[in-house]
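A.B. asks: The following comprises the amino acid sequence and a computationally predicted model.
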Amino acid sequence: AQSVTQLDSQVPVFEEAPVELRCNYSSSVSVYLFWYVQYPNQGLQLLLKYLSGSTLVESINGFEAEFNKSQTSFHLRKPSVHISDTAEYFCAVSDLNQGGKLIFGQGTELSVKP
Amino acid sequence: KAGVTQTPRYLIKTRGQQVTLSCSPISGHRSVSWYQQTPGQGLQFLFEYFSETQRNKGNFPGRFSGRQFSNSRSEMNVSTLELGDSALYLCASSLDGRGVLSYTFGSGTRLTVV
């Protein structure tokens, strides 16, 4: 069965510093990959997704993620974070062989300090 | 355009009772999926409905059930509540049968079982 591992449960970082949130998934023939963000007392918001094509995907607010099939990774990066990026981030995978559902990682709490 | 609406936002129930949660998808969306979020288990898939039919079900006991109405609104029911059912229950809607590729999540219903 498909699984997702987020390697860091908490990532503290100073404002304007770069950040990388790491995500690995178990191998599968074909997967779709997602990053979601959750702010306190809210639902999940889609940040970006990889379906096919270019291995580098970008979001409108400066985040990017690179699909690496050989390393089964989908790490999320931002070159300069803001206080407002403080939130929990979830990596997720959809293995269409297991039906239309998302398998989530345990989440990474990003804390941006001034 | 209204988003995904989940009601109620907060709920407190006593162990042994039953509870019904409601999810109204974005207008025109036909697919609704439910997820449970707890600190210990993270985000776990409950079920997916499309055009009033359950298409996929997660590994939850039979106490957890759901349905979808002709207007695409969905309800989930948990009977004989246990303390471990305390969680944030999230629903996600999507336009068509390729649910996971275009989820929009609601803000969730926070259920506390005492």
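C.D. replies: Nice, thanks for sending it over.
A.B. asks: Chain B contacts on chain A?
C.D. replies: A:32, A:34, A:36, A:41-46, A:49, A:51, A:90, A:92, A:94, A:99-107 (Cβ under 8 Å from any Cβ of the partner chain). The C-beta positions use only the backbone N, C-alpha and C, and glycine is treated the same way.
A.B. asks: is any part of the lowest-mean-pLDDT helix or strand in chain B close to chain A?
C.D. replies: Least confident helix or strand of chain B, by mean pLDDT, DSSP states H and E, is strand B:53-57 with a mean of 90. Yes. Shown here: strand B:53-57 in contact with chain A (Cβ under 8 Å from any Cβ) through B:55-56.
A.B. asks: Now do that strand: everything it contacts.
C.D. replies: A:99-101, B:33, B:45-49, B:66, B:68 (Cβ atoms under 8 Å, 6 or more residues apart in numbering or on different chains).
A.B. asks: residues touching the spatially most central residue of chain B, list them.
C.D. replies: Residue closest to the average C-alpha location in chain B (Cα atoms, centre = their mean): B:Trp34, at 3.4 Å. With contact set as Cβ under 8 Å, 6+ apart, B:Trp34 has these partners: B:23, B:45-48, B:66, B:74, B:76, B:89-92.
A.B. asks: if you set the cut-off to 7 Å instead, what comes out?
C.D. replies: B:46-47, B:66, B:76, B:89, B:91 (Cβ atoms under 7 Å, 6 or more residues apart in numbering or on different chains).
A.B. asks: so which strand or helix has it?
C.D. replies: strand B:31-38 (DSSP states H and E).
A.B. asks: Listing partners with orientation, what would you give for that strand?
C.D. replies: Sheet pairing of strand B:31-38 (DSSP bridges) gives strand B:42-50 (antiparallel), strand B:87-94 (antiparallel).
A.B. asks: Just the angle for the first one relative to strand B:53-57, thanks.
C.D. replies: Using axes from the mean of the first three to the mean of the last three Cα atoms, to 10 degrees, one finds that strand B:42-50 and strand B:53-57 are set 150 degrees apart in direction.
A.B. asks: what mean pLDDT would you report for strand B:42-50?
C.D. replies: For strand B:42-50, mean pLDDT is 94.
A.B. asks: got it, and stretch A:32-41?
C.D. replies: Here the average pLDDT along stretch A:32-41 is 93.
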